[in-house]
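Undergrad: I'll drop the sequence and a predicted model, then ask my questions.
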Amino acid sequence: MSESLLSTRSVLVTRALVPEAMRALDGGCAVDLYQGPPEAIPREELLRRAAGKDGLLTLLTERVDAELLDAAGPQLKIVANHAVGFDNVDVPECTSRGVLVTNTPDVLTEATADLAWSLILACVRRVAEGDRFLRSRRPWIWGPSMMLGYDMYGKTLGVAGCGRIGQAVARRATGFGLRVIYHDPVRLSEAVERELNVTWCPFETLLAESDVISVHTPLLPQTRHLFGADAFRQMKPTAVLVNTARGPIVDEPALAEALRAGEIFAAGLDVYEREPQIEEALLDLDNVTLLPHLGSATIETRTAMGLLAVDNLLAGITGKRPRTLVNPDALR
Ligand code: GLV
């Protein structure tokens, strides 16, 4: 493809990527970059600026649906989502129009598993609560019963959804001397189960036997509110729930109530049902640790994600097969 033909393509990038990824776009196409306030691009502006574009580089904050695809027009070739999750994209609608959809898997697996573990330890050992306590400037003295958490060693970790990230979380459990059980509709091969030292179990067993549950399922109709009042009642009162996947998998008002009533010990959340809004009741609870969706937020990982998303975008607008295509059927 000649340079001049390439540069006639135009793309919308809905938020500035890390500088290395922005540089990778240079010369590849005409770039329309949304540089508004830190909030997501307003819907009306997204619809307007998508018009006539060959490619869209979207974040998880943008809803990609029939309305947006209509607004973009029939020349749209690719939606390159800058996230491993693509629940913000109506994939069947894209496929039916021959629009490619890509995500950024693999490059963020280890960083996200590290963050899940940060939340696990923060909850089990009350790390963030301790920090908040000292910052409150209240008087304190070391005491045998002060701010007790639980031992991690010898406990049971339950992995809800054992894909790439769930497996990376399970792999880290060895050093903590944990037994690891997992639930996933797709069972791992015996070889992988053996290598990771994990055992499949029904969802009810995961709820009843886990001391810590870490959530790693995609958001699907079947996983929406997978963790609600009924699930919390089946968990141990000493259990911890950590969600680094997608907010709507957890029913937030029900979680706040379970934490308040002592139905479970603590929770760690990186994602929210109505992101970026946080359920008000959670903000008042000490036994929940809240992070602003930092799962993949490391310099190395965000650089790799940005470069992969750009690579996918440039491939898509020039008729090549992108590296991490979600909907191969769109090529037919
Ligand atoms: C982040 O949440 C992602 O899906 O990459």
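TA: Nice, I can see it.

Undergrad: The residue lying closest to residue 71 once chain neighbours are set aside sits in which helix or strand?
TA: Nearest non-adjacent residue to residue 71, counting by C-beta to C-beta, 6 or more residues apart in numbering: residue 47, 4.1 Å away. Yep, even glycine has a C-beta here, placed from its N, CA and C like the rest. Residue 47 belongs to helix 43-50 when assigned by DSSP states H and E.

Undergrad: Same check on residue 11?
TA: Counting by DSSP H and E, the element that carries residue 11 is strand 10-13.

Undergrad: try residue 56
TA: Secondary structure assigned from DSSP H and E places residue 56 in strand 55-58.

Undergrad: Partner strands of that strand and their direction?
TA: Using DSSP bridges, the strands paired with strand 55-58 are strand 10-13 (parallel), strand 78-81 (parallel).

Undergrad: how close does residue 282 get to residue 298?
TA: With distances defined as C-beta to C-beta, to the nearest Å, the gap from residue 282 to residue 298 amounts to 25 Å.

Undergrad: Let me fix that, I meant to ask about residue 158.
TA: With C-beta to C-beta as the criterion, residue 158 and residue 298 are 26 Å apart.

Undergrad: what's the closest non-adjacent residue to the spatially most central residue of the chain?
TA: Centrality entry for the chain: nearest residue to the mean C-alpha point is residue 245, 4.1 Å, by C-alpha atoms, centre = their mean. Nearest non-adjacent residue to residue 245, counting by C-beta to C-beta, 6+ apart: residue 215, 4.8 Å away.

Undergrad: now residue 178
TA: Take residue 178 and drop its neighbours on the chain: the residue closest to it by C-beta to C-beta, 6+ apart is residue 157, 4.7 Å away.

Undergrad: Work out for me the element residue 67 sits within.
TA: helix 66-72.

Undergrad: Return the list of helices and strands in contact with that helix.
TA: The criterion is 3 or more C-beta pairs under 8 Å, 6 or more residues apart in numbering; DSSP states H and E, and the helices and strands that helix 66-72 contacts are helix 43-50, helix 91-96.

Undergrad: coming back round to it: report the mean confidence score over the strand holding residue 11.
TA: In this model, strand 10-13 has a mean pLDDT of 98.

Undergrad: now it, how far from the centre of its chain.
TA: 24 Å (C-alpha atoms, centre = their mean, to the nearest Å).

Undergrad: Please apply the same query to stretch 64-84.
TA: Between the mean C-alpha position of stretch 64-84 and that of its chain there is a distance of 21 Å (C-alpha atoms, centre = their mean).

Undergrad: List the buried residues for it?
TA: Within stretch 64-84, the residues that qualify as buried are 64, 68-69, 71-72, 76-84, counting by 16 or more other C-beta atoms under 10 Å.

Undergrad: does the ligand sit close to that stretch?
TA: Yes: with C-beta under 6 Å from any ligand atom as the measure, stretch 64-84 is seen reaching the ligand through 83, 84.

Undergrad: Find me the pLDDT at residue 4, would you?
TA: With respect to pLDDT, residue 4 has a value of 50.

Undergrad: Could you do residue 149 as well?
TA: Looking at residue 149, its pLDDT stands at 98.

Undergrad: That one contacts residue 126, correct?
TA: Yes: with contact defined as C-beta atoms under 8 Å, residue 149 and residue 126 form a contacting pair (4.8 Å).

Undergrad: out of those two, which sits in the more crowded spot?
TA: Between residue 149 and residue 126, counting by other C-beta atoms under 10 Å, residue 126 is the more crowded of the two (21 against 18).

Undergrad: tell me the average confidence for stretch 307-314?
TA: In this model, stretch 307-314 has an average pLDDT of 98.

Undergrad: What lies in contact with it?
TA: If you take C-beta atoms under 8 Å, 6 or more residues apart in numbering as the criterion, stretch 307-314 is touched by 11, 17, 20-21, 24-25, 28-29, 55, 57, 78, 80-82, 102, 104, 107, 322-325.
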